[in-house]
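> Give me a 3D structure for the following:
(one chain, ligands or ions: 1)
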Amino acid sequence: MGNSPNLTTGPLAASIILTGAPGSGKGTQASILARRRSLPHLSTGDLFRSHIARGTELGRAAQRHIDAGHYVPDEVTNAMVRDHIERTAPDGRIILDGFPRTRAQVDFLDTLLTDVVVLNLVVEPAELLRRLEHRATVGGRSDDAAEVVRERLALYAVESEPVLAAYRDRGLLRDLDGAGELHAVARRIDEALATLPAASC
Ligand code: AMP
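Prediction:
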């Protein structure tokens with residue numbers, strides 16, 4: 001343990017956190033990366049939606065927060081993430097998207113995973129809105145309705161700062177241009193991963 005990156009070269013042995021605002025493409029890119037690297041992938045948003053669709057107790061607890069564009073409470077989210085990581089990534093390597101989203105979730109994740117790197121997909125606000133409006137017309141996600149989107153973007157703007165700062169301070173974060181075509185973004189991700197140290201936190 002320690003705060004400085006371990007400058008080991010060779011294949012990246014860390015878990016990969018994809019972060020970015022709603023509409024930044026982190027879910028799509030996380031799926032591509034997980035397939036290409038044969039790693040388990042956890043999207044907390046997808047997992048919540050699957051619980052809601054199955055009518056589980058956790059789904060019922062999460063739904064009203066999601067529909068309002070708010071975050072599901074940390075205790076609920078953290079317990080779900082721990083359970084999922086223990087079952088699907090016993091060796092501690094996974095691709096995460098949509099987690100951690102609060103500073104308390106960062107501290108919790110520190111107790112679960114030792115080695116992480118963070119790729120932050122940066123997309124300008126007008127483009128985020130354009131993508132989310134498009135998704136609302138094709139996707140059928142209730143939280144893509146215009147007023148909920150505004151709430152989610154505002155929440156992200158506030159909550160993401162301390163999360164990004166925590167990883168930036170440890171030298172574990174790379175900001176990447178998330179604009180443009182999806183294969184171009186996937187290439188930028190690969191290039192960034194090739195230059196990141198396998199890092200300890
Ligand atoms: P996403 O699919 O990542 O946009 O997530 C959809 C919704 O699920 C979010 O707007 C939150 O309500 C909830 N959610 C997803 N991940 C988290 C998280 N890490 N912490 C709290 N709520 C979350």
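
> contacts, neighbours, all on C-alpha from now
Noted.

> Return the set of buried residues in the strand or helix carrying L128.
Here L128, judged by DSSP states H and E, is contained in helix 125-139. Going by neighbour count (16 or more other C-alpha atoms under 10 Å), the buried part of helix 125-139 is L128, L129, L132, E133, A136.

> Which residue comes closest to the second one once chain neighbours are left out?
If I follow you right, that is L129. G23 (7.5 Å; C-alpha to C-alpha, 6 or more residues apart in numbering).

> so where's the chain shaky on pLDDT?
1-12, 197-201 (pLDDT under 70).

> What angle do helix 125-139 and the longest helix along the chain make with each other?
Using DSSP state H, we find that the single longest helix of the chain is helix 146-169. For helix 146-169 against helix 125-139, the angle by axes from the mean of the first three to the mean of the last three C-alpha atoms, to 10 degrees is 130 degrees.

> Pull the residues that contact helix 146-169.
21-22, 67-70, 100-103, 106, 118, 132-133, 143, 173-174 (C-alpha atoms under 8 Å, 6 or more residues apart in numbering).

> Pull the contacting residues for A61.
A61 neighbours (C-alpha under 8 Å, 6+ apart): none.

> Residue numbers of the chain in contact with the ligand?
22, 44-46, 65-66, 69-72, 77, 98-101, 152 (C-alpha under 6 Å from any ligand atom).

> what are the ranges of the helices in this protein?
For the chain, the helices defined by DSSP H occupy 26-37, 44-54, 57-67, 74-88, 103-112, 125-139, 146-169, 182-195.

> Adding distance to A13 as columns, could you present these in CSV?
As requested, these are exported to CSV (distance: least, C-alpha to C-alpha, whole Å):
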stretch, distance to A13
helix 26-37, 11
helix 44-54, 22
helix 57-67, 32
helix 74-88, 16
helix 103-112, 15
helix 125-139, 31
helix 146-169, 17
helix 182-195, 11
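
> and the residue nearest to L129, how many residues sit next to it?
With neighbours defined by other C-alpha atoms under 10 Å, the count for G23 comes to 24.

> I'd assumed R131 was in contact with it.
Yes: G23 is within contact range of R131, at 6.0 Å (criterion: C-alpha atoms under 8 Å).

> measure stretch 112-127 end to end?
34 Å (C-alpha to C-alpha, to the nearest Å).

> How far does it sit from its chain's centre?
7 Å (C-alpha atoms, centre = their mean, to the nearest Å).

> quick one: contacts of that stretch?
Outside stretch 112-127, the residues that reach it (C-alpha under 8 Å, 6+ apart) are 1, 13-21, 24-26, 82, 92-93, 167, 172-179, 189, 196, 198-201.

> With stretch 173-180 instead?
For stretch 173-180, using C-alpha under 8 Å, 6+ apart, the contacting residues are 24-25, 117-124, 164, 167-168, 185, 188-189, 192.

> Now with 7 Å, please.
S24, V117, V118, L119, N120, L121, V122, V123, Y167, V185 (C-alpha atoms under 7 Å, 6 or more residues apart in numbering).
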